[in-house]
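Q: I'd like to go over a predicted model; first the sequence, then the structure.
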Amino acid sequence: MTDFNAIDALLAGARQEVPLPPAEERRELREKLNLSRAQVAQALGVSPSTVGGWESGRDPGGEVREKYAYFLEGARTKLVGQDEEAAGPAEDAVEATDAAEATDPAVDGADSDADDVAALGAPRPCVLCGAPAHHEVAGFPQHLDPAECATTAPDPAPSAPVAEAPQPTGPVQPRQGAKPVQVVPVGRRMRTASDEDPDLIRAAVAEALARHEGDVDAATAALVKRAIPDAMALLDETRKGGRYDVVAHPWIPEILRKQTARGSDQVWEARPKWARRELPPGAHEVTALDVNGAYLSALKTHLPIGQLEHSTGFDHDRRRAGVHLITPPAWEHDAHLPNPLGSRDEPGPLWVTEPTLRLLLRLSGPKHGLCDPPEIHESFTSGATENLLEKFRIALKDARDRAIAEDDEVTLEYVKAMYSKFVSTMGESHYNRELYRPDWMHLIRSQAFANLWMKAYKGHEEGLLVVRAMGTDELHVIGDWRRVFPEGRGVSDVKLKDVYTVGEDAAPAVVDD
């Protein structure tokens with residue numbers, strides 16, 4: 001018999017999700033109150049990248065949705081009250097500010113430097129939102145007014161207070177007995193030494209060890225489990241003051257979307273899985289080398305800053321990065337070197353990443369002359385920089401180096417989990433919903449493969465016999481490898497993984513009595 005009371009209780013407890021305003025209004029409400037994404041994120045218990053995703057069209061769920069809706073409704077109410085109280089003088093002040101910005105070219109976004117800005121003769125697509133821009137910043141077309149940038153405008157600087165205290169006319173005299181303030185240079189500005197970036201990794205490790213009463217295994221397991229959100233928090237920290245905002249959820253072309261839930265997209269990463277077919281006669285000692293921090297090193301690669309834009313033609317613009325449809329060249333050196341395109345049997349055009357294309361173009365140049373240049377048919381690219389994740393990479397590398405020096409296996413495993421899971425979950429993953437950049441994931445992985453290929457090529461050029469190249473970090477060689485590669489645990493070193501023998505010595509001659 002149906003339990004009608006249970007059904008009534010279920011219906012009574014059910015409730016619909018709280019409605020949210022459109023994405024553009026969410027950002028507008030925050031900006032009009034001069035609040036940064038970091039401030040909103042801290043109040044809601046999420047990361048600034050998550051708030052950026054909500055302002056780009058992604059909707060939160062559950063309890064955090066109700067909190068976000070409460071904030072937005074409160075912001076709307078506060079702004080309505082301010083508008084009602086605003087008088088004529090306030091409107092005059094706004095008009096004066098607008099006039100100053102219109103006539104003073106030095107009035108710019110909070111992240112721009114005046115001497116890096118240049119006017120364009122003809123509008124070009126903004127690297128952040130794709131809409132026509134009339135200026136370029138550091139060589140990239142970009143809107144100067146955040147209100148004009150439809151997707152990734154930086155947070156505005158707080159407005160100046162209405163009334164300011166009178167400023168002293170003479171030099172500032174230190175208070176009697178006060179200690180001098182230590183400052184450090186940051187770009188063109190100075191800041192107090194106490195304001196230096198916090199060591200999030202060291203603090204997390206100390207907190208985990210304290211919570212688990214010094215149990216190394218339990219602390220390590222807990223840190224590895226939280227590696228993804230901690231990596232995103234570290235990314236947000238290292239991006240503070242950056243020129244470009246990291247777009248959490250930009251528009252992505254169909255070739256970068258999975259065809260099925262468990263399938264893959266159309267981009268080829270050029271993962272090597274190569275073994276030498278023949279060796280000289282006799283027995284050979286083969287050394288299997290492990291390349292340290294392959295994905296960590298690959299974070300330094302040319303990454304698209306903004307939304308990918310479609311283009312056709314054979315030219316390659318080194319100031320941009322993305323994915324490209326190419327017809328690859330023939331490779332005639334498979335007997336002693338892996339194909340830089342990886343292990344692919346199907347002929348014809350395919351979509352490859354920026355690192356793969358740049359490697360093929362490099363090998364086709366006059367210095368190497370190993371193949372013909374690839375034929376480029378079409379591309380999805382954006383203005384790019386090699387240093388977008390550089391502070392993030394350096395923070396992880398420094399923590400890794402310190403952990404090795406101090407024999408700190410807890411920090412070492414934690415850092416490894418942070419950068420490896422960061423790379424593997426920035427695509428279509430249920431484990432990281434804050435950063436959706438499958439293009440970055442493919443590019444970073446491909447850069448790791450390209451780095452391994454160049455190590456194989458260096459060994460070949462230095463007289464080693466390359467026997468195997470696998471994935472991102474495994475290289476098997478015959479010969480005195482220590483003469484070619486530095487041995488150690490640093491990210492620029494390799495370490496010994498295995499030694500084995502292949503082949504047989506010639507059979508000894510039989511002497512008849």
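A: Everything's here; your move. Being a predicted model, the structure only gives us computed values, none of them experimental.

Q: what's in contact with stretch 405-425?
A: When contacts are defined by CB atoms under 8 Å, 6 or more residues apart in numbering, stretch 405-425 is touched by residues 201-202, 204-205, 208-209, 216, 219-220, 223-224, 227-228, 230-232, 234-235, 293, 295-296, 298-299, 393, 396, 399-400, 402-404, 431-432, 441, 444-445. No exception for glycine: its C-beta is placed from N, CA and C like everyone else's.

Q: For ChimeraX, write a command that selects the buried ones of the residues you listed.
A: Filtering the contacts of stretch 405-425 down to the buried ones (16 or more other CB atoms under 10 Å) takes a single ChimeraX command:
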select :201,204,205,208,209,219,220,223,224,227,228,230,231,232,234,235,293,295,296,298,299,393,396,399,400,402,403,404,432,441,444,445
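
Q: So which residues of the stretch 251-400 of the chain form helices?
A: Here the stretch 251-400 of the chain has its helices, by DSSP state H, counting those that start in this stretch, at 294-298, 354-364, 390-405.

Q: Let me know which of these is the nearest to residue 317.
A: Closest to residue 317 of those is helix 354-364 (CB to CB; 10.8 Å).

Q: What lies in contact with that closest one?
A: Residues from elsewhere that reach helix 354-364 (CB under 8 Å, 6+ apart): 268-270, 301-302, 316, 321-324, 326, 328-329, 340-341, 352, 368, 370-374, 376, 381, 384, 443, 446-447, 449-450, 453-454.

Q: For that helix, which residues meet the burial criterion?
A: Buried positions in helix 354-364, judged by neighbour count with 16+ other CB under 10 Å: 354, 355, 356, 357, 358, 359, 360, 363, 364.

Q: Nearest residue to the last one in space, please, no chain neighbours.
A: What that stands for is residue 364. Closest residue to residue 364 apart from its sequence neighbours, by CB to CB, 6 or more residues apart in numbering: residue 373 at 4.1 Å.

Q: was I right about that neighbour contacting residue 329?
A: Yes: using CB atoms under 8 Å, residue 373 is in contact with residue 329, at 6.7 Å.

Q: how far out from the middle of the chain is stretch 386-405?
A: Centroid separation for stretch 386-405 versus its chain: 13 Å, with CA atoms, centre = their mean, to the nearest Å.

Q: Next, count neighbours for the closest residue to residue 238 other than its chain neighbours.
A: The shortest distance from residue 238 to any non-neighbouring residue, by CB to CB, 6+ apart, is to residue 391 (3.8 Å). By the criterion of other CB atoms under 10 Å, residue 391 has 18 neighbours.

Q: In this structure residue 391 contacts residue 239, no?
A: Yes: the criterion here is CB under 8 Å, and residue 391 meets it with residue 239 at 7.4 Å.

Q: Okay, domains of the chain per the record?
A: Following the assignment in automatic domain parsing, the chain carries domains at 12-85, 107-156, 254-502.

Q: weakest of the ones you listed by average pLDDT?
A: Mean pLDDT per stretch puts domain 107-156 lowest among these, at a mean of 59.

Q: Report the separation between residue 233 and residue 198.
A: Distance from residue 233 to residue 198, counting by CB to CB, to the nearest Å: 11 Å.

Q: Over to residue 381?
A: From residue 381 to residue 198 the distance is 36 Å (CB to CB).

Q: who has more neighbours, those two?
A: More crowded of residue 381 and residue 198, by other CB under 10 Å: residue 381, with 21 against 9.

Q: which residues touch the more buried one?
A: Contacts of residue 381 (CB under 8 Å, 6+ apart): 304, 308, 309, 311, 317, 320, 321, 322, 323, 324, 354.

Q: again with residue 331
A: Counting by CB under 8 Å, 6+ apart, residue 331 touches 339, 340, 341, 370, 371.

Q: Could you export the buried residues of helix 354-364 as CSV, including distance to residue 261?
A: Shown next, in CSV, are the buried residues of helix 354-364 (distance: CB to CB, whole Å):
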residue, distance to residue 261
354, 27
355, 28
356, 26
357, 29
358, 32
359, 32
360, 32
363, 37
364, 38
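
Q: For residue 134, give its distance to residue 142.
A: Here the criterion is CB to CB. By it, residue 134 lies 10 Å from residue 142.

Q: In terms of neighbours, single out the busier of those two.
A: Using other CB under 10 Å, the more surrounded residue of residue 134 and residue 142 is residue 142, with 30 against 16.

Q: Filter the contacts of helix 354-364 down to the buried ones, ChimeraX style.
A: To isolate the buried ones among the contacts of helix 354-364 in ChimeraX, judged by 16+ other CB under 10 Å, type:
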select :268,269,270,301,302,316,321,322,323,324,326,328,329,340,341,352,370,371,374,376,381,384,443,446,447,449,450,453
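
Q: neighbouring contacts of stretch 218-226?
A: With CB under 8 Å, 6+ apart, stretch 218-226 has contacts from 204, 205, 208, 209, 211, 212, 230, 409, 410, 413, 414, 417.

Q: Repeat the analysis, applying 6 Å as the threshold.
A: 208, 209, 212, 410, 413, 414, 417 (CB atoms under 6 Å, 6 or more residues apart in numbering).
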